[in-house]
Structure formats: C-alpha cells, structure tokens
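>>> here is my input, please return the structure:
(one chain, ligands or ions: 1)
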Amino acid sequence: MTTGDQTAVLAGLGTCLPMEEVDNAALLARLDTSDSWIRERTGIAARRIAGANVSVCDMAHAAGENALKAAGLAEVDAVVVATSTPDRPLPAVGPQVASTLGLGSVPAFDVSAACSGFIYALAVSAGLIATGMAGDVLVVATEKYSDIVDPTDRATAVLFGDGAGAAVLRSGRRDEPGALLAVDWGSDGAGRDLIYVPERHDGYLSMTGKRVYLKAIEHMTSSTLRVLDRCGWATSEVDTFVPHQANKRIIQAVAQQLSLPEDKAVCALERTGNTAAASIPLALAQGQANGTIGAGDRVVLTAFGAGMTWASAGLVWPEITTVESEL
Ligand code: UT7
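Residues are numbered from 1 along each chain as shown. So this is what the prediction gives:
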C-alpha cells in the first residue's frame with residue numbers, strides 16, 4: 001500500500017469492552033444448548049454484552065480515545081469506522097465519534113464490511129495515507145451484535161458478543177516496523193444470503209452456519225496466501241497469525257491448511273465470542289498483552305464475513321502500546 005514514500009504505519013491500539021459478561025451457563029435458561037456444545041463447537045465460554053446503556057458510538061469513542069492515547073496523538077486527519085451494527089442506519093458512526101473525541105471537522109465515515117471491516121478500514125486508511133490525502137488516521141471497529149441477534153436462536157445467540165477496538169495509523173516509511181506491507185481484499189455478493197439482516201431491520205440476523213464455516217476456511221486461507229506472496233514471506237516465516245475470531249475450529253482449520261503451527265495462531269475468543277469487525281483489534285490487544293505478539297514479529301491478519309467479504313494484511317509488529325478500558 002505505498003505510493004511514493006508514504007506508507008501507513010501502526011502507531012497505537014485501543015480497546016473497549018462492555019463490562020457485562022454473559023457466560024455459557026447464563027444462556028441455558030433461554031436456549032436449548034449446553035456449555036459443552038458451545039465450547040467444543042466454537043471455543044467460546046463467555047461474551048460481553050453492551051446492554052441498553054452502552055451504544056456502538058460509546059464503545060467506539062472509548063476505543064478511539066484509548067488508541068489516540070496509546071499513539072500519543074490528540075489530532076488526526078480522518079476517522080474511519082468499521083461497523084455493521086450502527087446505532088442508527090443514518091447518520092454514520094464516524095462523524096459522531098470524531099465530534100465527541102474533539103477531533104474537529106475532519107472527514108469521518110463508516111465502512112460496512114461485517115467481520116472483514118477492520119482490515120477493510122485499514123486498507124482504505126492506508127490508501128488515504130499513501131496518496132497524501134491524510135497523515136494520521138484513526139481506525140475504529142465497533143459492534144453491538146446483541147442488537148441484531150435473536151436472543152432465542154441458539155444457532156447465533158451463543159456466538160456473538162459486543163465490543164470495540166481501534167488503531168492509529170500514521171504516515172511513515174515502508175521499511176519501518178508497523179508499516180502495512182500488503183493488503184488482500186475481496187468480496188462475493190453471490191453469498192449475500194448466507195449471513196444477513198432483513199430489509200429495514202424487519203427481523204434478526206440469519207446465518208447459514210455450516211456453509212459460512214466452509215467459506216470462511218476457504219477464503220481466509222486463500223487470502224492469507226495472496227497477502228504472504230505480496231509481502232514476500234513464506235508461510236514458515238510468519239511469527240503470528242491473527243485470524244477473525246468466529247470459531248476456534250475455523251482458526252485451527254485455516255492454520256492447518258496453511259501448515260502453520262497452531263500455537264502461532266492467536267485464539268482470543270474464549271471470553272469475548274465473535275465481535276465481528278472488532279475481533280481482530282481485540283485479538284491483537286490480547287495477543288500483545290499475553291506476549292503472543294511481540295515487536296519484530298511478522299504478523300498476518302485475515303478475516304471473513306457477511307457480504308461475503310474477506311481481507312488480509314501483513315506487517316512487522318512495532319513497539320507500540322495498547323490502552324484498554326471497560327464501559
Ligand atoms: O463472523 C462471521 C462468520 N461467521 C462464522 O464464521 C460462523 C461460521 N459457522 C460456525 O462457526 C458453525 O457452523 C456453528 C458454530 C454456527 C455451528 O457449528 P456446526 O458444527 O457447523 O454445527 P451445525 O450447524 O452443523 O449443527 C450441528 C447440530 C445441529 O443439530 P442436528 O441437526 O445435527 O440435530 C444443530 O441444530 O448442532 C445443533 N446446534 C446446537 N446444539 C446445541 C446448533 N446450534 C446449537 C447450540 N447448542 N447452540
């Protein structure tokens with residue numbers, strides 16, 4: 001993602017999780033399921049739920065504020081928000097977050113690419129930086145799937161959680177740690193009915209789980225291979241693999257297809273579930289906190305979601321901090 005000399009460089013991370021944790025046992029009261037089914041089929045033990053008093057914008061604000069703090073910046077040139085669950089269909093979350101963060105009249109908008117949203121937003125922001133249209137960009141991924149999931153549908157209610165993650169990208173050089181070296185992104189609208197919310201929100205999220213499962217493995221594997229090729233890295237040179245956190249078995253299957261040792265794949269969904277666009281920045285924060293991701297690591301991110309959409313990115317992990325909070 002380089003034009004001329006300017007490349008997007010990761011400068012800081014922030015996260016925000018709602019305080020309320022709902023574990024599998026708490027779901028048994030309303031769903032015909034079991035703790036063992038959920039853990040064995042997904043790897044999820046609990047998820048965070050935002051509740052009526054915490055909005056998508058609230059979580060985005062907190063995660064964005066934390067990322068700015070981590071990067072040591074008070075101003076940016078643009079705000080790009082990835083979300084598929086905005087509080088309102090109109091206006092976008094971006095301008096509200098830019099305003100409440102006191103970032104002035106910068107351009108601010110949303111990217112809707114479901115679970116691939118964070119990497120899509122990174123790609124768009126990297127393009128703004130590479131073309132000189134922005135110097136520093138705040139990228140925020142924020143989701144409240146508890147707003148669109150049927151609480152009585154065991155096929156989806158056990159999977160999703162709420163939360164937000166954010167990153168600051170600054171303008172830098174391609175040979176610096178943190179430089180976004182390559183992106184692969186794509187879509188296939190023929191699969192639009194595999195995960196959807198009905199027109200005008202007339203009903204809850206519907207997902208054909210098994211088919212999505214297979215497509216997620218297929219596309220995250222092929223997209224990762226393309227981004228590795230663009231980075232000039234062999235699979236064996238990847239230190240840390242950060243896939244979308246939908247299902248532990250999907251993560252294991254993709255790692256296996258890539259011949260990556262499973263311990264190189266960050267699996268951070270046990271206590272947060274699938275947080276859609278927020279899952280990659282939340283996994284990055286968790287990986288950094290527990291030492292799975294360290295400065296100098298060759299890191300590959302990959303995601304897949306409704307649309308269908310997929311996206312991957314490669315970077316050498318920089319010396320950065322992550323600021324985390326709860327709401
Ligand atoms: O983030 C966007 C991308 N989303 C994903 O990547 C999600 C992809 N899909 C998945 O992760 C998996 O397909 C699921 C976790 C959703 C389902 O796991 P599965 O192994 O594919 O199960 P299945 O849908 O084939 O269902 C197996 C059985 C069915 O019962 P029968 O027909 O075999 O009697 C389901 O009705 O498991 C049943 N089942 C459940 N049982 C207990 C489905 N959900 C549950 C549940 N508890 N929560």
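
>>> and residue 285, how many residues sit next to it?
Residue crowding around residue 285 was assessed by other C-beta atoms under 10 Å; the count is 26. Every residue, glycine included, has its C-beta placed from N, CA and C.

>>> centre of the chain to the host helix or strand of it, how far?
With secondary structure defined by DSSP states H and E, residue 285 is part of helix 279-289. Centroid separation between helix 279-289 and its chain, computed with C-alpha atoms, centre = their mean, to the nearest Å, is 9 Å.

>>> OK, contacts around residue 38?
With contact taken as C-beta atoms under 8 Å, 6 or more residues apart in numbering, residue 38 is in contact with 24, 27, 44-45, 158.

>>> now these in CSV, with neighbour count?
As requested, the contacts of residue 38 are exported to CSV (neighbours: other C-beta atoms under 10 Å):
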residue, neighbour count
24, 20
27, 19
44, 24
45, 17
158, 23
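
>>> identify the neighbouring strands of the very next helix or strand once past the helix holding residue 285 in the sheet and state each direction.
Downstream of helix 279-289, the next assigned helix or strand under DSSP H and E is strand 298-305. Strand 298-305 has its sheet partners listed here by DSSP bridges as strand 240-243 (parallel), strand 309-316 (antiparallel).

>>> I figured residue 160 was touching residue 150, is that so?
No - when contacts are counted by C-beta atoms under 8 Å, residue 160 is not listed as touching residue 150 (10.7 Å).

>>> more neighbours: which of those two?
Under the criterion of other C-beta under 10 Å, the comparison of residue 160 against residue 150 puts residue 160 first, with 24 against 13.

>>> just give the closest residue to that one, not the sequence neighbours.
Setting aside the residues directly before and after it, residue 160 is nearest to residue 145 in space (C-beta to C-beta, 6 or more residues apart in numbering), at 3.7 Å.

>>> per-residue confidence at that neighbour?
The score at residue 145 is 98. That number is its pLDDT.

>>> contact partners for it?
Residue 145 neighbours (C-beta under 8 Å, 6+ apart): 85, 160-162, 205, 274-276.

>>> identify those among these that sit within strands.
residue 162 (DSSP state E).

>>> buried ones among the contacts of residue 145?
Neighbour counting over the contacts of residue 145 (16 or more other C-beta atoms under 10 Å) leaves 85, 160-162, 205, 274-276 as the buried ones.

>>> in helices, which of those appear?
The helices, defined by DSSP state H, take in nothing from the buried ones among the contacts of residue 145.

>>> so which of these is the closest to the ligand?
The closest of these to the ligand turns out to be residue 274 (C-beta to the nearest ligand atom; 4.9 Å).

>>> can you tell me which residues contact that closest one?
Residue 274 makes contact with 44, 115, 145, 159-161, 244-247, according to C-beta under 8 Å, 6+ apart.

>>> then residue 163?
Shown here is residue 163, whose contacts under the criterion C-beta under 8 Å, 6+ apart are 15-18, 48, 59, 142-143, 272, 275, 278, 282.

>>> apply 6 Å and report the result again.
By C-beta atoms under 6 Å, 6 or more residues apart in numbering, the contact list for residue 163 reads 17, 48, 275, 278, 282.

>>> interface residues of the chain facing the ligand?
33, 37-38, 41-42, 115, 154-155, 158, 209-210, 212-213, 216, 246-247, 250, 274, 276, 305 (C-beta under 6 Å from any ligand atom).
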